[in-house]
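*Asks:* here is my input, please return the structure:
(3 chains)
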Amino acid sequence: MRIGELARRTGITERALRYYEEQGLLRPERRPSGYRVYGDADVAAVRRIRILLAAGLSTAQITQVLPCMLDDDGLLAPLCPELVSALVEHRAKIDEAIDELAATRANLDVIISAEARPT
DNA sequence: ATTCTAACA
DNA sequence: TGTTAGTA
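*Replies:* Model (predicted):
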């Protein structure tokens, strides 16, 4: 199938699909015309990519992580133990980000509650 | 009608 | 990422 059909079947824009290829996440074949040709397996591949992106992984990390992931019809499970620890570390990063945002929100609250009263 | 690359009021 | 221009 060409990019248009893959886009329809995955709900991902053609733009994003081409971007995934640039990042090495997909390696579609090329017709002599230059058109990309994807296989049925790519539909599942895109879903896996979306799951990993939604988990906050960068495209570079996804490229390395995908090879040691088990895809039990939609449910991704980390195989390599190194990957598990890497994901746990990623989770810690998220916790840090949450803390920083909470601090930022607290600073904003101080400003909001200090609203000037009419004189 | 579709897809491709490259580029950005 | 959207979008658009100019092609094949």
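
*Asks:* now do the helices in chain A.
*Replies:* Using DSSP state H, the helices of chain A run over A:3-10, A:14-22, A:40-54, A:59-65, A:81-113.

*Asks:* list the buried residues of the longest one.
*Replies:* This points to helix A:81-113. Using 16 or more other CB atoms under 10 Å as the test for burial, helix A:81-113 gives A:83, A:86. All C-beta atoms are positioned from the backbone trio N, CA, C, and that covers glycine.

*Asks:* how far away is the closest residue to DNA strand B within chain A from residue A:36?
*Replies:* Among the residues of chain A, residue A:4 lies closest to DNA strand B, at 2.3 Å counting by CB to the nearest atom of the strand. Residue A:4 sits at a distance of 10 Å from residue A:36 (criterion: CB to CB, to the nearest Å).

*Asks:* so these two - more neighbours on which side?
*Replies:* Neighbour count, other CB atoms under 10 Å: between residue A:4 and residue A:36, residue A:36 has more, with 20 against 12.
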